[in-house]
Structure formats: C-alpha cells, structure tokens
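Enquirer: generate a structure from the sequence data that follows.
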Amino acid sequence: MEVLTYILSEDGHHIPKHYTPVGTLTGAVRDAVDIENPTIRVDHVGTDAFNYIYIPEFNRYYYVLDRVQVRTGITDLICHADVLESFYRQFIYSPMIASRSDSTYNKFIPDGERV
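Expert: Numbers count the residues shown, from 1 in each chain. Below is the predicted model:
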C-alpha cells in the first residue's frame, strides 16, 4: 500500500489542517488491521521527520505516535486516526443547529445557561 507522509506543525485539534508533504513510502499490514489504530510496516531508510500520514487505501489521515525499528530498512509506524481531518469534507457543509455558541445566540432556542 502507498503511504503519503507529511509534517504537521500545528495543534492537532484545528481543522482544516495545514501540513507539508515529505514523500511517499511503500507499506503493508500484517494479520488483521485496526483501521482506527493501525500498525503499518514500511520500507523506510532515512531520517525523514514526518509525524502525519495519509493512507489512500483506507481514505484516512493518521498521526504517527511511535516508530519501531524492526530491522535495517523496515520500520513499524504505530498510528492513530485523525477523524476530524479524515471526515472534514463530509461534515463541514452539513446543515446543523448549534445549541450553544460563545459569540451569538438564537432567542428561539431554549438555553438555561444564558442570562
């Protein structure tokens, strides 16, 4: 599978995220894979300082939490899904009604915390 690598230099709670592309790696999974917290085995020689990846096969973005050197040229990436960025385009334009806001309010929506 193809693994696109990035450098994410901002807080992970912001969306949309701004990341810098680093390169592409070839990877594989062993046995059953947990889509939310996968361990991806990649052919990796070098010291690329990436901390964020995208796996087109899963259609998700991931934070790289840890790296485990298996042997020379083979590294396991322990990852955690970035749900906000992965599904950003699906929910950003969804119609919704916010029940609370720190900047304005709708007087027709009951709110016991508003003075």
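Enquirer: residue 62 and residue 50 touch, don't they?
Expert: No - under the contact definition of CB atoms under 8 Å, residue 62 does not touch residue 50, with a separation of 10.9 Å. C-beta here means a position set from N, CA and C on the backbone, and glycine is covered the same way.
Enquirer: neighbour count for those two, which is higher?
Expert: Shown here are residue 62 and residue 50; by other CB atoms under 10 Å, residue 62 has more neighbours (25 against 21).
Enquirer: so for the host helix or strand of the more buried one, what gets flagged as buried?
Expert: With secondary structure defined by DSSP states H and E, residue 62 is part of strand 60-71. Neighbour counts over strand 60-71 (16 or more other CB atoms under 10 Å) mark 60, 61, 62, 64 as buried.
Enquirer: ok, which pair from these is furthest apart?
Expert: With distances taken as CB to CB, the most widely separated pair in those is 60 and 64, at 13.1 Å.
Enquirer: let me see the contact set for the residue nearest to residue 19 when sequence neighbours are not counted.
Expert: Counting by CB to CB, 6 or more residues apart in numbering, residue 19 lies nearest to residue 6, which is 4.0 Å off, once chain neighbours are set aside. Residue 6 is in contact with 19, 20, 21, 22, 50, 51, 52, 53, 54, counting by CB atoms under 8 Å, 6 or more residues apart in numbering.
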